[in-house]
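**Q** Got a predicted structure plus its sequence, pasted below:
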Amino acid sequence: MDIKGLTDSELIEKISQKDYNAFNELWRRYDRLALSIFHNLLRDKHLVEDAHQRLFMTIWEDSHNYRGGDVKAYLL
């Protein structure tokens, strides 16, 4: 199956196995939303960039802790 056809939960599962393509797809899906939320909360370019980077680093490093449920709530 094409990576773009996977659900968010399936992507998280693949990311927990260190699948870089799955990580890129999840990033593509949530990058703009995460930036928008961080901007609305922090309103400082450097803090927004830091929070954004930390979010996606945490996804890569801790995706094995995902136990199902709403992926958007898990991420943000």
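**A** Received it, and whenever you're ready, just let me know what you need. On a predicted model such as this, the values are computed, not experimentally measured, just so you know.
**Q** can we go C-alpha only for contacts and neighbour counts from here?
**A** Fine.
**Q** Now the lowest-mean-pLDDT helix or strand in the chain: buried residues?
**A** Using mean pLDDT, DSSP states H and E, helix 71-75 stands out as the lowest-scoring helix or strand of the chain, at a mean of 82. Across helix 71-75, burial judged by 16 or more other Cα atoms under 10 Å covers V71.
**Q** next SSE after whichever strand or helix holds I37?
**A** Using DSSP states H and E, the element containing I37 is helix 20-42. Sequence-wise, the next helix or strand downstream of helix 20-42 (DSSP H and E) is helix 45-62.
**Q** For that next one, which outside residues touch it?
**A** Residues from elsewhere that reach helix 45-62 (Cα atoms under 8 Å, 6 or more residues apart in numbering): 15-16, 18, 23, 27, 34-35, 38-39, 42, 75.
**Q** let's see 10 Å
**A** Under the contact criterion Cα atoms under 10 Å, 6 or more residues apart in numbering, helix 45-62 has outside partners 12, 15-20, 23-24, 26-27, 30-32, 34-42, 44, 63, 65-66, 74-76.
**Q** picking that back up, can you give the distance of the least confident helix or strand of the chain from its chain's centre?
**A** Relative to the chain's own centre, helix 71-75 is displaced by 8 Å; criterion: Cα atoms, centre = their mean, to the nearest Å.
**Q** which other helices and strands contact that helix?
**A** Counting contacts by 3 or more Cα pairs under 10 Å, 6 or more residues apart in numbering; DSSP states H and E, helix 71-75 packs against helix 8-16, helix 20-42, helix 45-62.
**Q** These: which one's closest to D2?
**A** D2 lies closest, by Cα to Cα, to one member of these: helix 20-42, at 10.2 Å.
**Q** Not counting the closest one itself, show me its contacts.
**A** Against helix 20-42 from outside (Cα under 10 Å, 6+ apart): 3-16, 43-53, 55-56, 59-60, 72, 75-76.
**Q** Tell me which residues of stretch 32-48 come out buried.
**A** The neighbour-count check on stretch 32-48 (16+ other Cα under 10 Å) flags 34-35, 38-39, 48 as buried.
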